[in-house]
Each structure stands twice: as structure tokens, then as C-alpha cells.
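A.B. asks: 3D model of this:
(2 chains)
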Amino acid sequence: DVKVTQSSRYLVKRTGEKVFLECVQDMDHENMFWYRQDPGLGLRLIYFSYDVKMKEKGDIPEGYSVSREKKERFSLILESASTNQTSMYLCATTIGGRSSPLHFGNGTRLTVT
Amino acid sequence: AQTVTQSQPEMSVQEAETVTLSCTYDTSESDYYLFWYKQPPSRQMILVIRQEAYKQQNATENRFSVNFQKAAKSFSLKISDSQLGDAAMYFCAYRLDSGGSNYKLTFGKGTLLTVNP
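C.D. replies: Numbers count the residues shown, from 1 in each chain, chains lettered A, B, ... in the order given. Below is the predicted model:
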């Protein structure tokens, strides 16, 4: 089974702090994703990466950046956290290929106060 | 841009009964994939079923089946013999078969399913 590990299940940060959300996968997948989940809005794609050091913006990249220095690790960075970034963050991976599904981590619930 | 619409924010079903969750999508493409994911209170997103657009036959996985209507751009999920463990948020998702390195999914807003004993 694919294992996708998000370093924190719950996180509380203050406005203006720099925040790192970490995601590690153990299946040598090339493709990794960061989604944000909000009630009534579903999952929205922030950034994704299809290879080491490669990244592409998703639908809502503003206020976020990412880092992928190693294949197994994909970090989401909030340069200066704001209260409207309070949300559930989900990391996902896929091996790619036809109809290959996304495999998700357990999510990090971030609260910015 | 592709969009996915789940018109039922909430649904409920009696245990052992059948329920159908609706999903429509908007695309001008002919090759794509569709997925249903389940998110129980544990927050772990679990793949329920997937459908390739080029296949006319509807996908089935045990008690879960889909009604895929390509012309109508409709992809509903039927859960038969509902169980208490089926209670969850269900998300419909679309992925274009771009043939490249873009494997991102576009999700609907979700349907919260309650199963009543």
C-alpha cells in the first residue's frame, strides 16, 4: 500500500508566521499535489509537482509556495500566514499513467490566529 | 476549465437501502477519467471507484456502481445495501487524459452521506 505521511495532523500558527507543511511518500511516485479543503468548496489544487525541482501552479496558488528537493518529499510553504489560510490541507501522490488514482495523506488541519 | 458539480450537499439513506449520489461535469474533451472518493470522519480520502471515458460499460466495485452517461456528462454513484460504514463525504473528481505529465484531479464540492440505522 502507498503510504503518504503528513507531518502534522493539527497545527496552530499566528498571523504573519512562516509555515511549513511537510508531506512524504514511500512509493517513489513522481507526481505530488497539495490541495486545500474547505466546507462547501470541496478540494482545490494549490500546487503540484511532476518531478524533483519541478512545480506548477494549481487553481489557488496565491500566498503559497512549494519545494521539492527530493522525490519523496513535497513541502507547502505559507510565507506569511493569514487567517484566510485556516483550512484543511491534503497532500496526494500518484504514479501517473492512465486512470491511476491519487493517494492521499491524512490531512493537516491548520488554524491561523 | 473543467468543472465538476455535485448538486446534493447532503443525502441520507436507511441502512440496507440504496442511494444514488449525483455528479455532472463540464468538459469539451473526449478522453478523460472520472473518480469517486470517500472521506470518512478519519479524514482519509479513499478511492471508491473509477471510470475511463472511453469505456461504455459502467464500473462496479462490490456494492458500489456508477451510471456513466457520457453524452449527458453525468457520473452518478449508486451504493447498494448501505452500511453504517458508508457514512462519509463523497467527492466526484475528473481528470483529463492529456497524455503528458499532468495528473491533477478537479473535484466537486462533495456530498455528505448519512446512513440511518
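A.B. asks: so which strand or helix has the nearest residue to A:Cys91 once chain neighbours are set aside?
C.D. replies: Of all residues not flanking A:Cys91 in the chain, A:Cys23 sits nearest, at 3.4 Å (C-beta to C-beta, 6 or more residues apart in numbering or on different chains). All C-beta spots, glycine's among them, are computed from the backbone N, C-alpha and C. A:Cys23 belongs to strand A:19-25 when assigned by DSSP states H and E.
A.B. asks: What lies in contact with that strand?
C.D. replies: For strand A:19-25, contacts defined as C-beta atoms under 8 Å, 6 or more residues apart in numbering or on different chains pick out A:2-8, A:11, A:13, A:32, A:34, A:72-78, A:81, A:89, A:91, A:93, A:103, A:105, A:108, A:110, A:112.
A.B. asks: Can you list the buried residues in that strand?
C.D. replies: By neighbour count with 16 or more other C-beta atoms under 10 Å in any protein chain shown, strand A:19-25 contains the buried residues A:Val19, A:Leu21, A:Glu22, A:Cys23, A:Val24, A:Gln25.
A.B. asks: just stretch A:94-102 next, same as before
C.D. replies: A:Thr94, A:Ser100, A:Pro101, A:Leu102.
A.B. asks: Next one, pLDDT for the residue nearest in space to the middle of chain B please.
C.D. replies: In chain B, the C-alpha nearest the mean C-alpha coordinate belongs to B:Trp36, at 3.0 Å (C-alpha atoms, centre = their mean). Each residue has a pLDDT score; the one for B:Trp36 is 98.
A.B. asks: ok, it - contacts?
C.D. replies: Neighbour list for B:Trp36: B:21, B:23, B:47-50, B:64, B:66, B:75, B:77, B:90-93 [criterion: C-beta under 8 Å, 6+ apart].
A.B. asks: Filter those residues down to the buried ones, PyMOL style.
C.D. replies: Only the buried entries of the contacts of B:Trp36 go into this PyMOL selection, using 16+ other C-beta under 10 Å:
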select buried, chain B and resi 21+23+48+49+50+64+66+75+77+90+91+92+93
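A.B. asks: Between the contacts of B:Trp36, which sits nearest chain A?
C.D. replies: Nearest to chain A out of the contacts of B:Trp36 is B:Leu47 (C-beta to the nearest C-beta; 4.6 Å).
A.B. asks: That closest one: what's it in contact with?
C.D. replies: Residues in contact with B:Leu47 (C-beta under 8 Å, 6+ apart) are A:Pro101, A:Leu102, B:Phe35, B:Trp36, B:Tyr37.
A.B. asks: at 6 Å instead, please
C.D. replies: Shown in contact with B:Leu47 (C-beta atoms under 6 Å, 6 or more residues apart in numbering or on different chains): A:Pro101, B:Tyr37.
A.B. asks: How is it assigned, secondary-structure-wise?
C.D. replies: Three-state assignment for B:Leu47 (DSSP: H, G, I helix; E, B strand; the rest coil): strand.
A.B. asks: beta partners of it?
C.D. replies: Per DSSP bridges, residues listed as beta-bridge partners of B:Leu47: B:Tyr37.
A.B. asks: And the residue positioned nearest the centre of chain A, how close does it get to A:Gly42?
C.D. replies: For chain A, the residue nearest the mean C-alpha position is A:Trp34 (2.8 Å; C-alpha atoms, centre = their mean). The spacing between A:Trp34 and A:Gly42, counted by C-beta to C-beta, to the nearest Å, is 15 Å.
A.B. asks: Among the contacts of strand A:19-25, the buried ones, what's the PyMOL command?
C.D. replies: Here is the PyMOL command that selects the buried residues among the contacts of strand A:19-25 (16+ other C-beta under 10 Å):
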select buried, chain A and resi 2+4+6+11+13+32+34+72+73+74+75+76+78+81+89+91+93+103+105+108+110+112
